[in-house]
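Engineer: sequence and predicted structure, then a few things I'm wondering about:
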Protein chains: 2
Amino acid sequence: MAGFNPLAPDHLGPTACMGEILAEIVATTVGAGFAEPQPLIGPYSSGAPAIFIDQCGRMGGSAAMIGAVGDDDFGRMNTDRLARDGVDVSAIAIHSSLPTGTAFVRYQNDGCRDFVFNMWTSAAGSLSWTPAVEDVIARAGHLHVVGTSLGHDHIWQMIERAAPLIKARGGTVSLDPNQRKELMKDTDGRFAKMIAQTDLLLPSDDELFLAANGVPEMGEADAIHAIFAQGVCEIVLKRGDVGATCFQSDGTVTNAPAFIVKEVDPTGAGDCFGGAYVAARRLGISVADALTYACAAGARNVSMRGPMEGAGMRAQLNRFIADTPRGAL
Amino acid sequence: MAGFNPLAPDHLGPTACMGEILAEIVATTVGAGFAEPQPLIGPYSSGAPAIFIDQCGRMGGSAAMIGAVGDDDFGRMNTDRLARDGVDVSAIAIHSSLPTGTAFVRYQNDGCRDFVFNMWTSAAGSLSWTPAVEDVIARAGHLHVVGTSLGHDHIWQMIERAAPLIKARGGTVSLDPNQRKELMKDTDGRFAKMIAQTDLLLPSDDELFLAANGVPEMGEADAIHAIFAQGVCEIVLKRGDVGATCFQSDGTVTNAPAFIVKEVDPTGAGDCFGGAYVAARRLGISVADALTYACAAGARNVSMRGPMEGAGMRAQLNRFIADTPRGAL
């Protein structure tokens, strides 16, 4: 039984996601930064919005990406990959002079990461409201927003323009806060404005309290209550390697334990989780089963190197679910 | 005996070079492009002007780099490297938002290379005439120009401003054409304007005929004559793995056979050759010995992976010269 579902059904139109599409290069040794030549592996398709939408497409949901890449191998790799996975790439612009964005990542001993980015100064930063974007938004049934986009003035303007258009035709909105406390100061109330338009919120751990405009001391129940008061109908709290919990505004609480895997590369886990969850829910799958798919998508992705190399087709996720032990929650 | 030397002596002030400073990432397998994740190695310090000036510094010549990097590990790696090798880095600007330029390189089976560049859309493209640049140019004894810079409007303006200032105080100019025929159409007569200000020209193979504004059919002797007629006093023709020949306007011709090495990575050979030659000549070393140092610097560099990892200190070059067999020319 699917029960209460705040998300617009898949047949209304694709889930649209906008933001950075990157080529990621990963250091294969652990250590500090990029001060000297070292073994690397890449380019991997990356960028939180691109990972989300790829997993959405692989899960079998209608999906469309809005972004910009350069006229180079890194751009073609990304658009080919997304198209292969069933994502509508008609609103991915190809910039004539700016390169595809890049992210170099190296893990330190303590699990922290060092980065060298070329993100908003790459083609990714040139994103604009083209006729192709207009067309996708006019057809979209859902908008997924990644919190990091809120810090980019132009993408924020595009989100502010797209969300009401999609909601006006019966579509819905999901938000993955995906941001650190220290980055939230400068967003000029954007996060609160975004929450007010959100149907499904997908916070990780303490992002729940940020979304509630509170502090961890307030407790989970009060935070959930405060977020529902802002109009959100469904909250999926990602608890990392513990699992996830869905809180619905009708009072239903559904827990899902995590799958037990050997972590190879944690990048992209939350985005795969979100992509699988949104696609599953829009396809009419129940909260319990959607959570299972989402946990499986996240766990499968961290078990492979590369930000979205482990994103699974629905059949692959079914196999993963059947074969993989789960913890307790 | 040093004989006729058209270059300003080292004590007049540093050899200045301006242009791109890059981080280079090299694919470790042979094949076409970057369409999928693959093993890489990097970042290596790179950029033709940076390679030239680094070898100039390692040879013991006074040297100063004019360029721009990002506020990132790739920029710090480059400035640290140049400073360590004795290069004045006071005129390397650190851009607050643009990243250090990058070049991904992969060799194909036929020796051709595939690239993904972020060059003039990186910090490298933000180069401007700062007080630090003014200061270096006011002290410089020589300007070395890399042909690729002629295609960049702003760097061309800086070269046009710097060259007369340096020449006015008794300094000299060298030019490495370092460009392909197909790139030369759009340079708006810049190449000819540059030749007219050049004391030492360092062409590779057929670039000799480009510099003579002719075609290979005209023959080497006529090309040399035509270039001397434009005011150049010394021409060092780089013949790759065959060796090099110096033609002087007083009629002297000096040949130098190449060193025989196993080629690991040809990138940067011509720039190391030039850096060693210009430094040696400005230090008062004879044409014959300067050619030997230049051939050694180029050969040593191609025997190591990375665009300037084989650039040698003068003592290292002496050892290389003593230990390495030479061909015939």
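Structural biologist: Okay, I see it. Since the model is a prediction, treat every value here as computed from it, not as a measurement.
Engineer: for chain B, what are the nearby residues on chain A?
Structural biologist: A:23, A:25, A:33-44, A:72-74, A:76-77, A:80, A:97-100, A:102, A:104, A:114, A:116-118, A:121-122, A:306, A:309 (C-beta under 8 Å from any C-beta of the partner chain). Bear in mind the C-beta positions are built from the backbone N, C-alpha and C, glycine included.
Engineer: among these, which lie within helices?
Structural biologist: A:73-74, A:76-77, A:80 (DSSP state H).
Engineer: just the buried subset of those, please.
Structural biologist: A:73-74, A:76-77 (16 or more other C-beta atoms under 10 Å in any protein chain shown).
Engineer: so can I have CSV of the residues you listed showing distance to residue A:14?
Structural biologist: Listed next are these as CSV, based on distance: C-beta to C-beta, whole Å:
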residue, distance to residue A:14
A:73, 27
A:74, 24
A:76, 22
A:77, 22
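Engineer: which among the residues you listed gets closest to chain B?
Structural biologist: Of all those, residue A:73 has the smallest distance to chain B: 4.0 Å, by C-beta to the nearest C-beta.
Engineer: quick check: closest non-adjacent residue to residue A:214.
Structural biologist: Nearest residue to residue A:214, sequence neighbours excluded (C-beta to C-beta, 6 or more residues apart in numbering or on different chains): residue A:223, at 5.8 Å.
Engineer: in terms of helix, strand or coil, where does the most centrally placed residue in chain A fall?
Structural biologist: Centroid-nearest residue in chain A, with C-alpha atoms, centre = their mean: residue A:271, separated by 3.4 Å. Of the three states, residue A:271 takes helix under DSSP: H, G, I helix; E, B strand; the rest coil.
Engineer: ok, it - contacts?
Structural biologist: Counting by C-beta atoms under 8 Å, 6 or more residues apart in numbering or on different chains, residue A:271 touches A:48-49, A:51-52, A:55, A:146, A:176, A:178, A:307-308.
Engineer: pLDDT on stretch A:171-188, on average?
Structural biologist: Mean pLDDT, computed over stretch A:171-188, is 75.
Engineer: again with stretch A:141-161
Structural biologist: Rounded mean pLDDT across stretch A:141-161 is 94.
Engineer: any idea of the mean pLDDT for stretch A:52-59?
Structural biologist: Mean pLDDT, stretch A:52-59: 98.
Engineer: show me how far that stretch is from its chain's centre.
Structural biologist: Centre-to-centre, stretch A:52-59 and its host chain are 9 Å apart (C-alpha atoms, centre = their mean, to the nearest Å).
Engineer: what sits up against that stretch?
Structural biologist: Here stretch A:52-59 makes contact (C-beta under 8 Å, 6+ apart) with A:15, A:17, A:45, A:63-65, A:81-82, A:85-87, A:144, A:146, A:176, A:271-272, A:274-276, A:278-280, A:283, A:293, A:297, A:301, A:308, A:311-314, A:316-317.
Engineer: can you check stretch A:280-292 too?
Structural biologist: Under C-beta under 8 Å, 6+ apart, the answer for stretch A:280-292 is A:1-3, A:5, A:7-10, A:15, A:59-62, A:141-142, A:200, A:234, A:236, A:244, A:246, A:248, A:252, A:254-256, A:276-277, A:293-294, A:321.
Engineer: same thing with stretch A:10-17?
Structural biologist: For stretch A:10-17, contacts defined as C-beta under 8 Å, 6+ apart pick out A:49-50, A:52-53, A:56, A:61-66, A:88, A:91, A:136-137, A:139-146, A:162, A:166, A:169-171, A:278-279, A:282-284.
Engineer: what of stretch A:116-123?
Structural biologist: Residues from elsewhere that reach stretch A:116-123 (C-beta under 8 Å, 6+ apart): A:20, A:22, A:34, A:68-70, A:75, A:93-95, A:98-104, A:125, A:152, B:72-74, B:97-100, B:102, B:118, B:121-122.
Engineer: CA atoms of that stretch as CSV?
Structural biologist: Output of stretch A:116-123 as CSV, limited to C-alpha atoms (Å, rounded to 0.1, in the frame of the first residue of the first chain):
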residue,chain,number,x,y,z
VAL,A,116,41.0,21.7,-5.7
PHE,A,117,37.9,23.0,-7.4
ASN,A,118,37.1,24.7,-10.7
MET,A,119,33.3,24.9,-10.2
TRP,A,120,31.6,28.3,-10.6
THR,A,121,34.5,29.6,-12.7
SER,A,122,33.9,26.7,-15.2
ALA,A,123,31.0,26.2,-17.6
